[in-house]
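Peer 1: based on what follows, work out the 3D shape:
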Amino acid sequence: MAKKSVFISFDYDNDEFLRTALVGQSKNEDSPFDIIDRSVKEHLTGDWQEKVRGRISRADIVAVICGEKTHTAQGVGVELQIAKNLNKPYFLLRGYPNKNCTKPTSASTSDKVYDWTWENLKILIHGGR
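Peer 2: Predicted coordinates for the structure are as follows:
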């Protein structure tokens, strides 16, 4: 089965470690996905959103890593809205098992935040939600 290409959206100021962890998992021998791009740390001006739109459009799926301050990360909210506008499948991943992880502002109330386990991740990558 071909690997899925994933765009990672995350709070660059607070959760870069989580992005690094997900990239590491993508390198596992039995990984069903490759990371093709990630959030950018730029001001929300100019063609920033067009650059991200291009990156997201090339991905098969968008993984949104949720941390404690994700609801305040404007860029994550914009990236998720772009994914929705492009009709890209996405899922929200709980970055920390023992912390209150928040959804981005553009998440739907019905969007579930999934526990980050290797088995869950493989299921989510293949559309199980």
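Peer 1: neighbours of S26, how many?
Peer 2: S26: 19 surrounding residues under other CB atoms under 10 Å. C-betas here are computed from N, CA, C, even on glycine.
Peer 1: I'd guessed it sits against D34; true?
Peer 2: Yes - with contact defined as CB atoms under 8 Å, S26 counts as touching D34 (5.8 Å).
Peer 1: between these two, what contacts are shared?
Peer 2: Common contact partners of S26 and D34 (CB atoms under 8 Å, 6 or more residues apart in numbering): V6.
Peer 1: which residues touch F33?
Peer 2: 3-6, 26, 61, 125.
Peer 1: one more pass at 6 Å, please.
Peer 2: F33 sits next to 3-4, 6, 26, 125 when contact means CB atoms under 6 Å, 6 or more residues apart in numbering.
Peer 1: how close does P97 get to W116?
Peer 2: Separation of P97 from W116 (CB to CB, to the nearest Å): 7 Å.
Peer 1: looking at these two, which has the bigger crowd around it?
Peer 2: Remark: of P97 and W116, W116 carries more neighbours, 21 against 9, as counted by other CB under 10 Å.
Peer 1: not counting sequence-adjacent ones, nearest residue to that one?
Peer 2: Using CB to CB, 6 or more residues apart in numbering and skipping residues adjacent in sequence, the residue nearest W116 is L93, 5.1 Å away.
Peer 1: V78 in helix, strand or coil?
Peer 2: Here V78 is recorded as helix under DSSP: H, G, I helix; E, B strand; the rest coil.
Peer 1: burial count for it?
Peer 2: Around V78 there are 20 residues (other CB under 10 Å).
Peer 1: excluding chain neighbours, what is closest to it?
Peer 2: Excluding the flanking residues, the one nearest V78 by CB to CB, 6+ apart is Q49, at 6.2 Å.
Peer 1: do the same with D60
Peer 2: That would be K4: by CB to CB, 6+ apart, it lies 4.3 Å from D60.
Peer 1: so the one you found sits right up against G127, yeah?
Peer 2: No - between K4 and G127 there is no contact under CB atoms under 6 Å: 9.1 Å.
Peer 1: which of the two has more neighbours?
Peer 2: Shown here are K4 and G127; by other CB under 10 Å, K4 has more neighbours (19 against 11).
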